[in-house]
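**Student:** Just need the structure, nothing else, for what follows:
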Amino acid sequence: VILIHKYPWEATQQELEEAMGRYGRVQAVRLVEAQDTGRPRCFGFVTYAARDAAEAALAGLAEGQVLIMDRRGVEWAVQGDW
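**Tutor:** Predicted coordinates for the structure are as follows:
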């Protein structure tokens with residue numbers, strides 16, 4: 001499981017799953033929302049089927065290779081940690 005953060009608040013679970021799936025089979029994506037408002041907190045968790053896929057994803061995140069576009073057309077480089 002890796003932590004992802006600093007993505008646009010309007011990013012969807014599907015968008016992030018597709019972006020992170022380029023490194024290997026994603027088992028689950030969980031985006032965290034504020035309990036009181038239901039608004040995105042702009043961090044979440046990605047679970048990979050294999051550790052090597054998670055390691056490859058972290059390397060890609062560190063190099064700024066995972067990009068998500070917001071509604072204004074601005075690309076955000078998603079960040080991640082163990």
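**Student:** okay, CA-based contacts and neighbour counts for the rest of this
**Tutor:** Noted.
**Student:** Secondary structure element holding the residue of the chain most remote from its centre?
**Tutor:** Most distant from the centre of the chain: Asp36, at 22.6 Å, with distances by C-alpha atoms, centre = their mean. For Asp36, there is no helix or strand it lies in under DSSP states H and E.
**Student:** how close does it get to Ala54?
**Tutor:** Using C-alpha to C-alpha, to the nearest Å, one obtains 31 Å as the distance from Asp36 to Ala54.
**Student:** same question, Gln13
**Tutor:** From Gln13 over to Ala54 the distance is 17 Å, taken as C-alpha to C-alpha.
**Student:** in the protein, which helix has the most residues?
**Tutor:** For the chain, the helix that runs over the most residues, judged by DSSP state H, is helix 51-62.
**Student:** what does that one contact?
**Tutor:** Helix 51-62 is touched from outside by 1-2, 20, 23-25, 47-48, 66, 77-81, with contacts defined as C-alpha atoms under 8 Å, 6 or more residues apart in numbering.
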